[in-house]
Every structure is written in C-alpha cells, then in structure tokens.
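> model this:
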Amino acid sequence: MEDQLILAYDYPLLGAFWTVMWIFLWVMWFLLLFRVITDIFRDDSLGGWVKAAWLIFVLIVPFLGVLVYVIARGKRMGTREIRHAQERQAAMDDYIRQTARTGGSADELAKLSELKAKGDITEAEFQQAKEKILR
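Residues are numbered from 1 along each chain as shown. Down below sits the predicted model:
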C-alpha cells in the first residue's frame, strides 16, 4: 500500500463549503441554546418549578425543547431582551451621573483651596464650604 499525501487542492470546494456550513450551524445552535437557557432564568413571570421544568426539557431533549420554547415563548424573548438592555443602560447612566457629580465636587474643592491659599476665605469658611460640598 502506498501512503498518499493529501494536499489542500485535493479537498473539493463543495466539501469545504459543507464543512464551513456545518460549523456555522453548530455555532448558531449553541448560541440559540444558551440564549434560551438565559431567557428561562431571566423571565420573572415564571415560577421556580416552571423554570426547572423548562430547563430540564431543554437539556434532556435539546432540539425539541428549544423548538417548543421558541414557538411557545419566543415573542416575549425579544421584549425581555430589550427590557434587560434598557435596565443595563439605565444602570450605566446612573453610574456616569454619579461619577460626573463626584468630579464636579473635586473641581469645587480645588477652587476652594485656591481661595484659601489666596487668603480670600478663612480656615473656618473653608471647612464649612468643604463639608457642604462633600455632603
């Protein structure tokens, strides 16, 4: 028997296409599976036992479970995703506002220290204004 060397040009183009397509489909399948599992845990309208039942159904019979879940609850998956994104955006906006507010007080403290250094305000006035800013 002769050992055959398989080169890249010996692999048919259609075979490469099918391989890439199957890899793509498997990646998409896992993304959908994880999104469904995430949605099961994210849904506040489901009770604990119902979440457990959906999770077991999706994990034991994954193709049928995901298909049934998307058919039964797919329309509300999008609304829950949008609500979750809005909550994350609101939390980020609050964080930015708090950080910006803190930066403003640092600027005010710097101005106060300049006024104190120039002698425009006394030590007692400086301490009183500093406590007012830090509150």
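> contacting residues for L59?
Residues in contact with L59 (C-beta atoms under 8 Å, 6 or more residues apart in numbering) are G65. Backbone N, C-alpha and C define where each C-beta goes, glycine included.
> wait, I meant K130
So K130 contacts L109, L112 (C-beta under 8 Å, 6+ apart).
> how would you label it: helix, strand or coil?
helix (DSSP: H, G, I helix; E, B strand; the rest coil).
> please save the CA atoms from the one helix or strand Q127 maps to in CSV.
Taking DSSP states H and E as the definition, Q127 sits inside helix 123-134. Extracted in CSV, the C-alpha atoms of helix 123-134 (Å, rounded to 0.1, in the frame of the first residue of the first chain):
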residue,chain,number,x,y,z
GLU,A,123,-10.0,78.4,57.5
ALA,A,124,-13.4,78.2,59.2
GLU,A,125,-15.2,79.2,56.0
PHE,A,126,-13.1,76.7,54.0
GLN,A,127,-14.0,73.9,56.3
GLN,A,128,-17.7,74.8,56.2
ALA,A,129,-17.8,75.0,52.4
LYS,A,130,-15.8,71.8,52.1
GLU,A,131,-18.3,69.9,54.3
LYS,A,132,-21.2,71.4,52.3
ILE,A,133,-19.6,70.1,49.0
LEU,A,134,-18.8,66.6,50.3
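> buried ones in that helix?
Going by neighbour count (16 or more other C-beta atoms under 10 Å), the buried part of helix 123-134 is F126, A129, K130.
> same thing with stretch 79-95?
Buried residues in stretch 79-95, counted by 16+ other C-beta under 10 Å: R80.
> and the lengthiest helix in the chain, average pLDDT?
Ranked by residue count and defined by DSSP state H, the top helix of the chain is helix 62-118. Helix 62-118 carries an average pLDDT of 86.
> could you do stretch 123-135 as well?
For stretch 123-135, the per-residue pLDDT averages 83.
> return the distance of it from the chain's centre.
41 Å (C-alpha atoms, centre = their mean, to the nearest Å).
> tell me which of the buried residues of helix 123-134 is nearest to A117?
Distance to A117, by C-beta to C-beta, is smallest for F126 among those, at 9.8 Å.
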